[in-house]
Every structure is written in C-alpha cells, then in structure tokens.
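Visitor: Build me a model from this:
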Amino acid sequence: MLNRFLFTKVDNSSLLLFRIFFGILISFECYGAILTGWVQRVLIAPKFTFSFIGFEWLQPLPGYGMYLYFFAMGTLGICIALGYKYRWTMGAFAVLWTGVYLMQKTSYNNHYYLLVLIAFIMTFLPANRGYAIDANQNPNIKDDAMYSYIKWLIALQLFIVYVFASIAKIYGDWLDFSIIKLLMQGRADYPLIGSFLQLPWVHKLIGIAGILFDACIIPALLWKRTRRIAFVSAIFFHLFNSIVFQIGIFPYLALAFCVFFFESQTLKRIFLRKKNLYTQNEISIPKRKNLLYMGLVLYFGIQLVLPLRHHVIKGDVLWTEEGHRMSWRMMLRSRSGSIRFFVVDKADGKRTNVKLDDYLTIKQKSKVAAYPDFTWQFAQYLKKQYAKNGQQIEVYVRSRVSINGKPYKLFIDPKVDLANTPWNHLKHHNWILPSALEKHKTTVRPVH
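Guide: Next comes the predicted model:
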C-alpha cells in the first residue's frame, strides 16, 4: 500500500513546470535585490551585518562583491529555468542563497527560509527530464514520469508551512484583530486602498480569512471538488498580500506551487501545448528505498520540531523571540523598543554611553532595540571593537520594548553584562525579563 502511494510513476509535467517558474522567480528576486537597492542597504552600507548566531564568520563580500554574488544567483535562476546543468546550478543556488540567509537577519523574511528549503529539495529532484537543455543534450535522461512521492513531498512541506502559520494566529492580539489594525495603519497612505484598509470590518475579514485560508488551502487544493475554488482563493489571497505587504516573490512562488495540485493534462494543455500524457502508472521501487525513507523521516522530523521548540523554552515567544524564526510565525507581531548601551572599562571603571549612530543603520538600530539576539550580538561587537585598543569591557543596557502597540516595558536586566554572557540556542536567557503577563502568572496564589 505504501509502495503504491509513494512509488507509482506519474506524469512529471508539474515538476517540470515548477522548475521553470521557480527559476524565473528567483532570477527576479536576485536581480531585483540589486536594482531596488536592497543589496546596498542591507549588505554593503552597514559597517557590519547581524548574521545568525554561530555564523558570524559568514560576512558580505567586500567592495562590489555582493552585487556580483546576487548577479550570479540571478543568472543561476535563468539556468535553472532553462534546465541547463540543472543539478549543479540548482545546488549552487541553494548554497549561495543559504549563505545570504545566514549572513544577515536584519531583513529576515519567512519566504527567504522557504527558498532555502525548496532549493535544496529541488536539487535532488529530476526536474530536468523534459523542457530542458539537459534533456536535449542528453536524450538518455528524457522522461515523462516521476515518482508520486515528489508531489506528496511538496504538498507536505507546504502543509507544514500553512498549518503552523494558521495555528500561530490563534492568540489574543490576532483574535481581537488589534495586530491587524496596527499593521494596516502603516498602509493608510496607499493609493485607492489605504482608507479601505482602515475599516474595522476589513480587519475582521483579514483576521478570519487568514486563519481559515492557512488551515484549509492545502487540503482544498488536494480535493478535486474544491480545487478550483481554492485556486481562485489563493490568487486573491496572495495578490492581496503582494500589494499590501510587498513581500517580494513569495506570493507568486506560493501560486507556482499550485501546479503540483492540478491534473497533468490540464497543465500540458495550458502551458506546454502537449497532449500526450504519461498514464502507465506502474510501481517502481527505488534501489535505495530505505535510505529515502530515512531521509524523509529525518527531514520532516526537523520540520515538525523546529516550529514547536518555543514550547520547551521558558517564556512567551511573542515577548522573548526565542524560537520565533523558522517557525512560520508570519505577520503576528509588531515590535518597537528604546535602548541605551553603556560600556564599562574594567581597568578604571569608566562608564561610557555608546552612540548607536556611530555603528548602526536606522533599520539595525530598530532591531537592536527590540530583539534580544540583536542586542546580545551588538554587545559582542562592542567587546571586539574595544579589544582592538587593548581594553577589556563590560556592556550593560537599559532597554524597553513594546509589543503590538502596548505600553513599553523593561526588557533586559540592566545589571547583566551582556558582553561576557554566553548565548544558548535551546534555552531561555534569564537576562530577558519576564513580560507583564508572566510576572502576573508568577505572583498568583491559589485561593484556599
């Protein structure tokens, strides 16, 4: 039964089409990052970048190196779309894009992480067996079929993304629509739709639709009776997100995934102008079946554990941010903060107020003020800078943070020396002070 489900050979039109769409979209993403100034603002202009902790060695290339880096990735995207040296070009893109993802998080976006995952998955899939330069140059690899597990691999990955996103929205500030109101306030000056987005009933519609869409879209696309309605809903939903939130290629990538849910005959008629359909549907067991099973179990085990890790870390993830990234917690909060850094020279006890403008861009300052890992990393950066002059220092901060427009609260313990405090990826950091709600929980006593 399992062999039939996973290893039946089916028509591969969806995979071939997605390869083409994926290559085109990542080319737009990479070339667009150059043309819109994103590379300049995020990777070239800052004196240093905030990488993922543990990847501090991964820094932007000097000079105009990052322009060449992104131009290379965009060109790899064209090669992927054309199916040229597919394994090498897709693998190279996956590695290079992962490098960009890890070397900066000031402009963190969930779709950057999804691109990492999909690029590595696609590297191992036979997406160059047709409508590809590779297949034209080497007819031996031409094939109209793929294993059925490829479709289910993509479907399960998307199901995890959307369902975790839906579950994460089931919390107070989303359910009372206050976070949606706050997000829409920043778009009040949009032409035509700005005033419309400020209406309370629109906030309710967005809130309810966001939960239901994320929870139901993959099952609805899988079921033939609801597929067309689901696809139309997906078009509206993702175009709305593209216009309102301006989140790059992600809405269009999400629509490109829909090719895995439609019949191959439909895809060929619309996109490939080819009527012959692979219909043999024979079962072919791979020689390395057990290795494939182990790989899939390991991969999806990680994908299920990562979004849940914040439940085993003390504190509210909305406040502490510990376990937030790579958890599909999308559009859930707005953070702002105020912060002051104080450097204390261990030799003479002299205390200096750090001028953030001397080190950070405007966007970096906003992150350092509101996100604890940024605060800790900047303290480490100051420690290294002062060490160049032979000084040993301590770094203390006075930090207040507001979540979703609520009153500012003291965020980081001002008595803790962050420069000489270690970071732990899997544990709560006690120098992040409890939120007001957590303080209330700890002081409540049972009534006898």
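Visitor: Can you tell me which residue is spatially central in the chain?
Guide: The chain has residue 110 as the residue nearest its centroid, 1.8 Å off, counting by CA atoms, centre = their mean.
Visitor: Find the nearest non-adjacent residue to that residue, please.
Guide: Nearest residue to residue 110 in three dimensions, chain neighbours excluded: residue 330, at 5.3 Å (CB to CB, 6 or more residues apart in numbering). Using the backbone N, CA and C atoms, a C-beta is placed for each residue, glycine as well.
Visitor: That neighbour: neighbour count?
Guide: Residue neighbour count, defined by other CB atoms under 10 Å, stands at 21 for residue 330.
Visitor: cool, residue 59 as well?
Guide: Residue 59 has 13 nearby residues by other CB under 10 Å.
Visitor: show me what contacts it?
Guide: 48-49, 51, 103 (CB atoms under 8 Å, 6 or more residues apart in numbering).
Visitor: and residue 47, that's in a helix?
Guide: No. According to DSSP: H, G, I helix; E, B strand; the rest coil, the state of residue 47 is coil, so it is not within a helix.
Visitor: distance of it from residue 153?
Guide: 42 Å (CB to CB, to the nearest Å).
Visitor: do residue 316 as well
Guide: Going from residue 316 to residue 153 by CB to CB gives 34 Å.
Visitor: quick one: average confidence on stretch 12-24?
Guide: Averaging pLDDT along stretch 12-24 yields 97.
Visitor: Please give the centre-to-centre distance between that stretch and its chain.
Guide: 21 Å (CA atoms, centre = their mean, to the nearest Å).
Visitor: who's in contact with it?
Guide: If you take CB under 8 Å, 6+ apart as the criterion, stretch 12-24 is touched by 77-83, 86, 118, 122, 125-132, 143-146, 150-151, 154, 253, 256-257, 259-260, 262, 264, 267-268, 271-272, 278.
Visitor: Just the ones in strands from those, please.
Guide: Among those, the members found in strands (DSSP state E) are 145-146.
Visitor: which of the contacts of stretch 12-24 count as buried?
Guide: Among the contacts of stretch 12-24, those buried by neighbour count (16 or more other CB atoms under 10 Å) are 77-83, 86, 118, 122, 125-132, 144-146, 150-151, 154, 253, 256-257, 259-260, 262, 264, 267-268.
Visitor: which ones among these are found in helices?
Guide: 77-82, 86, 118, 122, 150-151, 154, 253, 256, 264, 267 (DSSP state H).
Visitor: Could you single out the nearest of the residues you listed to residue 300?
Guide: residue 154 (12.1 Å; CB to CB).
Visitor: Look up the closest residue to that closest one, ignoring the ones flanking it.
Guide: residue 260 (5.0 Å).
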